[in-house]
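# Give me the fold of what follows.
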Amino acid sequence: MKYLYYCKYLLAVVLCVTAGSCRDNDSDFVNRSDSKAYYPEDTWEALFEHYWDGMNKNYAMWDLEKTDWDEVYDKYSPLFCDLGVIETVMHNGEEYIEDNAASRKAKEYFEQIVTPLIDQHYALTMDFEGGTWGVTPNSYRIKQRPDYHEAITQTKFKELHDTYKTGGRITESKGYLVMQEDGVSVNGLWYSCMLDGNIVYYHLSGFDLNDYVFTGNEWAEGIIPITEHYQTLLNTQPDIKGVIIDVRNNGGGYTADLQLLFGPLVSERMLFAYARTKDGLGRLDFSTWIPYYVFPENNIRSFDNIPIVVLADMYSVSMSEVSSSLAKFLPNGRLIGERTAGGTGQLVGGSAVAGNFSGSLFKVYMSSCIAKYPNDIYEGEGFTPDVEVHPDFEQLSRNIDNQLERAIEVIRQGV
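Predicted coordinates:
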């Protein structure tokens, strides 16, 4: 089967000559937020200055953000100044921050700064003596939910697959798994199959399907045939009653993968989102909104009157949420499970003024684009399911997947 990589989604970013910061840092016309030489980080104050300035120029969500970034500077700059010199140690030629009272207080300050941020892709990491330390708004927000629970592991999803297959409910199954170093736990799991005879089911623990196709990395040989099998089932199985795309505990991947999943399911071009990045150093220097589409591809039959379900949970983020949006907006689609994570922004490379930046002792990973689906922004909130179902861990212990069973019920009832 021939795969088509849709490059229609790439954003052109033009670096504008603007004033990017209210601070006098002599970098109004050049983005030095990723320049380690320009910011020697020998003190906690200097590290904070580098971090603050990088965020000031590169963060793509200032118009949505409730955090007052100038107030952050006014409050925390003197606090970091009081921490003094950064003590470091060397191990195998690499520099690490020493674990001491000052560095522990710095962690506390950064947690206070980072956790309220709206960008749910965001992660600040530092290499400390004894291991990498990091803080993310997403993990903090999930744990604040009243319905919080631990994620269903890919190991458990593999057990569920085996149980349903042994019981005859899963047939025509083709799968691929990646084991963790312990040789027991499952790290990645992809499989497509027929469920209960007439429902096409595809479980994905991650996306990047197009990346596997075009880079041919070590997982490509195993994963490419699973997507081909999914598309073959859609085109050849008689009397299909529904389609389930399962993105529970899926951390996302490339938006272009949407074409592989939904191209065979739509009968006409569908606008599902707009994306916008930064095009200058000022906080509110944004590009125009660029439309994202999914196009009909390889559709031998029509799925317009067949229920399409995306099964998601609070650990479904990024590309998993893009998939969830289509389930929400397709006339015959339904989103089932839990409210998604809220990391709906995009990660588009090539921008000099948006997204990731780093110093000699820290790294920031974050969205370079904000997206709206198609008219509303869900960043920090996530998509609310049409049918809410939380996992029943007592049933899961007996290898009964209550969320999947509810999705099957919805299909049987008709959308």
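# buried ones in stretch 122-134?
Under the neighbour-count criterion of 16 or more other C-beta atoms under 10 Å, stretch 122-134 has 122, 123, 124, 126, 127, 128, 133, 134 buried. (Glycine included, C-beta is placed from N, CA and C.)
# Tell me the one of those residues nearest residue 103?
Using C-beta to C-beta, residue 128 comes nearest to residue 103 of the buried residues of stretch 122-134, at 6.7 Å.
# in the sheet, who's paired with the closest one?
In this entry, residue 128 is beta-bridged to residue 97, residue 131, by DSSP bridges.
# Show the residue spans covered by the strands in the stretch 201-350 of the chain.
Taking DSSP state E, counting those that start in this stretch as the test, the strands found in the stretch 201-350 of the chain are 242-246, 270-277, 290-294, 308-312, 333-337.
# Could I get the average pLDDT for the last one?
Looking back up the chat, that one is strand 333-337. Averaged over strand 333-337, pLDDT sits at 97.
# Endpoints of stretch 169-185, how far apart?
End-to-end span of stretch 169-185 (C-alpha to C-alpha, to the nearest Å): 24 Å.
# picking that back up, need the winner for burial among the strands of the stretch 201-350 of the chain.
Across these, averaging neighbours per residue (mean count of other C-beta atoms under 10 Å) puts strand 308-312 on top, at a mean of 28.
# tell me the mean pLDDT over that one?
Across strand 308-312, pLDDT averages out at 98.
# That strand - contacts with which helices or strands?
Applying 3 or more C-beta pairs under 8 Å, 6 or more residues apart in numbering; DSSP states H and E, one finds that strand 308-312 contacts strand 242-246, helix 319-329, strand 333-337, helix 402-413.
# looking at these, which is closest to residue 313?
strand 333-337 (5.0 Å).
# from the middle of its chain, how far away would the helix or strand following the closest one be?
Downstream of strand 333-337, the first helix or strand assigned by DSSP states H and E is strand 357-358. Relative to the centre of its chain, strand 357-358 is centred 19 Å away, using C-alpha atoms, centre = their mean, to the nearest Å.
# Describe which strands strand 357-358 pairs with in its sheet and in which direction.
With DSSP bridges as the test, strand 357-358 is paired with strand 362-365 (antiparallel).
# Tell me the helices and strands packed up against the helix or strand following the strand it pairs with.
The C-terminal neighbour of strand 362-365 among helices and strands, as given by DSSP H and E, is strand 369-372. Strand 369-372 sits against strand 270-277, with contacts defined as 3+ C-beta pairs under 8 Å, 6+ apart.
# okay, the angle between the strand it packs on and strand 290-294?
150 degrees (axes from the mean of the first three to the mean of the last three C-alpha atoms, to 10 degrees).
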